[in-house]
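[1] This is the structure alone, sequence omitted:
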Ligand SMILES: Cc1ncc(COP(=O)(O)O)c(C=O)c1O
């Protein structure tokens, strides 16, 4: 065995020893330990992978990232996945891609309309506004919390170019209806899958139905890189454009450390630059730099191996909560999977009924007092957020359910950090509070 390999083995066994000592599982004490909504789940493998990438001293995006992108694309069953530094960056890159001039008449331009929902995470919608397009808000359905398709046709105008919508909290939206609508009217479909890695509709992964899709690897999500995200698609042209937006807006598509992939590095004339200007330094769009480091990718690779187990535990926790809280159906609306879907649950959404004898805010406060953590459904209604005051948008139909979500809805965790003992405690807390 080489000296380096031998040292690496020693480091690995020390890391395991360190991990087992530093991150010992603590016994759950009802009422004292908190029941989280989300968080990172890892063991010594993640620490070993990150260390391996650090020992390579490559630091920027490299071989771990290439392997992660390939394995992620294979898992989802798409042609390409490219990593970015957050789910928000993923949405930015994905939307920017749909504005590229080489897409001709289909490119989204300032003043064009994009159908979406107001009960969203802000950075699903923000790129629409940042590129000068106009969000057109529809209501959502309760108890699936997904886009309500009733007024889709009414939302259409001669400026509509796309539907941009998330598979909220790991459930899926009605992909039959949305894809049929997009096909009929020649619209782009951007699926925000940040909450829904592993979710399927009619047996196919979400994100494979539309043109382009996004993921987040923030610790709250199904797998984590610390910070991270991905854009995925099967169309090669969209992949090249997305990569260019991620990588400074460059025209060249060489992988890091590679040269002259196009074979025309020094023999092209582009823009007003002189003939033969190095293709590595030619920019075809206003881009960003949203790449990740290889340490992040290494963490992602270790997590990807655990993904199926995470998804299964989330489902099990969801089912246990559904059973345990069923007796409160008179006071609480319990969440439901969309027809034909196999959700990859992100959280357990609850809506307090008007006749419950308790408000959402009081219930949430009481649960938090008992160390059961809660969250709201992200921004609730984006139109009501301070930053949305002077933003141009259109609403179709009334947003009655969105309004209910703002006032009556919250969610609790199904994260793999939660075990059966914790769920029994959570259900007991609901029994006490709602008695
Ligand atoms: C639906 C949705 N889209 C986008 C994001 C943004 O992801 P990130 O926090 O990685 O920027 C989130 C974050 O939770 C989200 O829930």
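    Perfect, I can see it now. Computed from a predicted model, the values in this text were never measured in an experiment.
[2] Show the contacting residues for residue 189.
    162, 163, 178, 179, 182, 209, 210, 211 (C-beta atoms under 8 Å, 6 or more residues apart in numbering). Quick note: C-beta positions are derived from backbone N, CA and C, even for glycine.
[3] Do you have the strands of this protein handy? List them.
    Secondary structure of the chain (DSSP state E): strands at 80-84, 113-117, 134-138, 160-166, 188-192, 200-201, 204-205, 212-216, 229-233, 332-333, 341-342, 347-352, 394-395, 409-413.
[4] Make CSV from those and add mean pLDDT and distance to residue 297 to it.
    Formatted as CSV, the strands of the chain follow (pLDDT from 0 to 100; distance: least, C-beta to C-beta, whole Å):
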stretch, mean pLDDT, distance to residue 297
strand 80-84, 98, 6
strand 113-117, 99, 30
strand 134-138, 98, 33
strand 160-166, 98, 24
strand 188-192, 99, 22
strand 200-201, 98, 25
strand 204-205, 98, 21
strand 212-216, 99, 14
strand 229-233, 98, 10
strand 332-333, 98, 40
strand 341-342, 98, 28
strand 347-352, 98, 27
strand 394-395, 98, 40
strand 409-413, 98, 27
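[5] Export those to a markdown table and append columns for distance to residue 47.
    Output for those, formatted as a markdown table (distance: least, C-beta to C-beta, whole Å):
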| stretch | distance to residue 47 |
| --- | --- |
| strand 80-84 | 20 |
| strand 113-117 | 39 |
| strand 134-138 | 42 |
| strand 160-166 | 32 |
| strand 188-192 | 30 |
| strand 200-201 | 31 |
| strand 204-205 | 29 |
| strand 212-216 | 22 |
| strand 229-233 | 22 |
| strand 332-333 | 40 |
| strand 341-342 | 32 |
| strand 347-352 | 27 |
| strand 394-395 | 48 |
| strand 409-413 | 24 |
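[6] Contact partners for the residue of the chain at minimum distance from the ligand?
    The ligand sits closest to residue 87 of the chain, with a gap of 2.4 Å, by C-beta to the nearest ligand atom. The contact partners of residue 87, taken as C-beta under 8 Å, 6+ apart, are 123, 192, 194, 214, 215, 216, 217, 218, 221, 229.
[7] Also residue 386?
    Per C-beta under 8 Å, 6+ apart, neighbours of residue 386: none.
[8] and residue 403, how many residues sit next to it?
    16 (other C-beta atoms under 10 Å).
[9] Likewise for residue 54?
    14.
[10] contacting residues around it?
    Here residue 54 is in contact with residue 295 (C-beta under 8 Å, 6+ apart).
[11] What is the burial count for the residue nearest to residue 185 when sequence neighbours are not counted?
    Counting by C-beta to C-beta, 6 or more residues apart in numbering, the nearest residue to residue 185 once its immediate chain neighbours are dropped is residue 156, at 6.1 Å. The number of residues packed near residue 156 is 17, by other C-beta under 10 Å.
[12] where does residue 156 land on pLDDT?
    pLDDT, the model's per-residue confidence, is 98 for residue 156.
[13] is the closest residue to residue 359 other than its chain neighbours in a bridge, and if so with what?
    Closest residue to residue 359 apart from its sequence neighbours, by C-beta to C-beta, 6+ apart: residue 352 at 6.7 Å. Beta bridges link residue 352 to residue 332, judged by DSSP bridges.
[14] Residue 352: neighbouring residues, count only.
    24.
[15] check contacts around it.
    Counting by C-beta under 8 Å, 6+ apart, residue 352 has contacts 331, 332, 358, 359, 360, 363, 408, 409, 410.
[16] Would you check how far apart it and residue 433 are?
    11 Å (C-beta to C-beta, to the nearest Å).
[17] what do these two both touch?
    Common neighbours of residue 352 and residue 433 (C-beta under 8 Å, 6+ apart) are 358, 363.
[18] so where's this protein shaky on pLDDT?
    For the chain, the stretches with pLDDT under 70 are 1.
[19] what's the domain layout of it?
    Residue ranges for the domains of the chain, per automatic domain parsing: 52-247+290-304, 250-284, 307-434.
[20] Quick check: residues of the stretch 51-200 of the chain near the ligand?
    Listed as neighbours of the ligand in the stretch 51-200 of the chain under the rule C-beta under 6 Å from any ligand atom: 86, 87, 88, 91, 121, 123, 124, 166, 192, 194, 195.
[21] burial count for the last one?
    Other residues near residue 195 come to 26 when the count uses other C-beta under 10 Å.
[22] Looks like it contacts residue 165 (just checking).
    No. The pair residue 195 / residue 165 is not scored as a contact, 11.8 Å apart, by C-beta atoms under 8 Å.
[23] how about residue 205, what does it touch?
    Here residue 205 is in contact with 75, 76, 77, 78, 198, 199 (C-beta under 8 Å, 6+ apart).
[24] ok, so what distance separates the last one from residue 262?
    Taking C-beta to C-beta as the measure, residue 199 falls 37 Å from residue 262.
[25] same question, the fifth one
    Residue 198 is 36 Å from residue 262, where distance means C-beta to C-beta.
[26] Of these two, which one has the most company?
    The neighbour count for residue 198 versus residue 262, taken as other C-beta under 10 Å, is higher for residue 198 (23 against 13).
[27] list the contacts for that one?
    205, 222, 307, 308, 310, 311, 344.
[28] most surrounded residue in those residues?
    Within the contacts of residue 198, most neighbours by other C-beta under 10 Å means residue 222, with 29 neighbours.
[29] Which of the contacts of residue 189 fall within helices?
    178, 179, 182 (DSSP state H).
[30] got the residues you listed as JSON lines, with neighbour count columns?
    Shown next, in JSON lines, are the ones in helices among the contacts of residue 189 (neighbours: other C-beta atoms under 10 Å):
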{"residue": "178", "neighbour count": "23"}
{"residue": "179", "neighbour count": "17"}
{"residue": "182", "neighbour count": "20"}
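[31] Closest one of those to residue 147?
    Closest approach to residue 147 among these (C-beta to C-beta): residue 178, at 7.1 Å.
[32] ok so, going back, just the buried ones from the contacts of residue 352?
    For the contacts of residue 352, a burial check counting by 16 or more other C-beta atoms under 10 Å picks out 331, 332, 358, 360, 363, 408, 409, 410.
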